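In: attaching a predicted model along with its sequence, questions to come.
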Amino acid sequence: MDPNQMQAPVENYANPKTCLFHVLFKGAALAFYILSALFFNSFVIIFVVTVLLAALDFWVVKNVSGRILVGLRWWNEINDLGESVWKFESLDQDSLARMNKKDSWLFWWTLYLAAAAWFILGVFSLIRFQADFLLVVGVCLSLNAANIIGFTKCKKDAKKQFQQFATQTIASRFQSTVQSAFTLV
């Protein structure tokens, strides 16, 4: 075989089951909402099932696929003063650098595309003056936006922690080098 014709190996998904469920719940909530008018006359059924699927998606993304696909985790706590405090966890930088690029790409793109789809559906509901369906879209968009905000803040916090670690490591090495140079003199 000619070496010029050799291609780099195509990277596959490292966690195909997690990727499937990451996309499945988003797609299920969107598909049910869009197609439900064809099969159901009851707004209550549409609301309950759509919000339930969106809540399952929220939970899967926040607690499962976020950890496995991008190595990030977030949650929110109320401290003793009654203030909301964001908490973030991430893998160390070496582990984050080894994360599968396809998994990460799928995670971020589906997160943003689902929010865009809910936003567009909200605009359609607004144009058609369907306040009840706008409520469904608002709940689903809020759940999706919470994950976007949480994971974006978590990613920024992980980068900040890495920069602080790198700065501290360089400073301590510099300090030990200077101290050893002075002990030789």
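Out: Nice, thanks for sending it over.
In: in a helix, N41, correct?
Out: No: per DSSP: H, G, I helix; E, B strand; the rest coil, N41 lies outside any helix segment and is coil.
In: next, it: phi, psi?
Out: For N41, the backbone dihedrals (degrees, to the nearest 10) come out as phi -100, psi -10.
In: buried residues in stretch 129-141, which are they?
Out: 133-134, 136-137, 139-141 (16 or more other Cβ atoms under 10 Å). Heads up, the C-betas are built off the backbone N, CA and C, glycines and all.
In: report the distance from that stretch to the chain centre.
Out: The gap between the average C-alpha position of stretch 129-141 and the chain average comes to 23 Å, counting by Cα atoms, centre = their mean, to the nearest Å.
In: now it: mean pLDDT?
Out: Per-residue pLDDT values across stretch 129-141 average out to 90.
In: before we move on, what about stretch 149-168?
Out: Across stretch 149-168, the average pLDDT comes to 64.
In: and L81, helix, strand or coil?
Out: Reducing the assignment to helix, strand or coil with three-state DSSP, the entry for L81 is coil.
In: next: W74.
Out: Three-state assignment for W74 (three-state DSSP): strand.
In: so where's the protein uncertain?
Out: Of all residues in the chain, those with pLDDT under 70 make up the ranges 1-11, 13-14, 92-97, 157-185.
In: would you point out which residue is most central in the chain?
Out: The residue lying closest to the centre of the chain (Cα atoms, centre = their mean) is F151, at 4.8 Å.
In: what about I127, how many residues close to it?
Out: I127 sits with 8 neighbouring residues when counted by other Cβ atoms under 10 Å.
In: now do the same contact list for it.
Out: Residues near I127 by Cβ atoms under 8 Å, 6 or more residues apart in numbering: none.
In: how about the strands in the chain?
Out: Taking DSSP state E as the criterion, the chain carries its strands at 72-78, 84-90.
In: in a markdown table: these, plus mean neighbour count and distance to A54.
Out: Conversion of those to a markdown table gives the following (neighbours: other Cβ atoms under 10 Å; distance: least, Cβ to Cβ, whole Å):
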| stretch | mean neighbour count | distance to A54 |
| --- | --- | --- |
| strand 72-78 | 15 | 18 |
| strand 84-90 | 14 | 22 |
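In: kind regards, and thank you for your time.
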